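Quick one, fold the following:
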Amino acid sequence: MADEILTVAEVAQLLKVAEKTVYTMAQNAELPCFKVRGQWRFRRQDLYTWMEAQVAGARVSEHPGSKDKAPIRTRGRR
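Numbers count the residues shown, from 1 in each chain. Below you'll find the model as predicted:
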């Protein structure tokens with residue numbers, strides 16, 4: 001089904017995170033989602049598009065000369 005709708009539990013499983021993380025990200029508009037009678041729902045295709053954008057954004061920020069995003073810093077490394 002091209003327009004498959006997922007629940008919080010299914011998204012948590014897909015992203016391999018806790019359900020609470022999905023709730024928080026949904027409430028903060030960090031994930032593409034909508035509500036049906038107070039319950040969060042997610043279109044599978046929207047999540048795949050969002051994931052691709054996250055990966056592409058991470059690639060851009062890995063380059064120190066990038067003007068779009070600040071370089072990623074890790075603890076203990078400079």
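
surely Gln45 meets Asp3?
Yes: Gln45 is within contact range of Asp3, at 7.0 Å (criterion: CB atoms under 8 Å). To be clear about C-beta, it is placed using only N, CA and C from the backbone, and glycine gets the same treatment.

Walking through the chain, point out its strands one by one.
Taking DSSP state E, the strands of the chain run over residues 5-6, 34-36, 39-43.

max-length helix in this protein?
Scanning the chain for the helix with the most residues, using DSSP state H, yields helix 44-61.

who are the neighbours in contact with Arg43?
Contacts of Arg43 were listed using CB atoms under 8 Å, 6 or more residues apart in numbering, and they are 3-6, 32.

who's the residue nearest to Arg41 when sequence neighbours are not counted bridged to?
Among residues not flanking Arg41 along the chain, Ile5 sits closest, at 5.2 Å (CB to CB, 6 or more residues apart in numbering). When assigned by DSSP bridges, Ile5 has beta-bridge partners Arg43.
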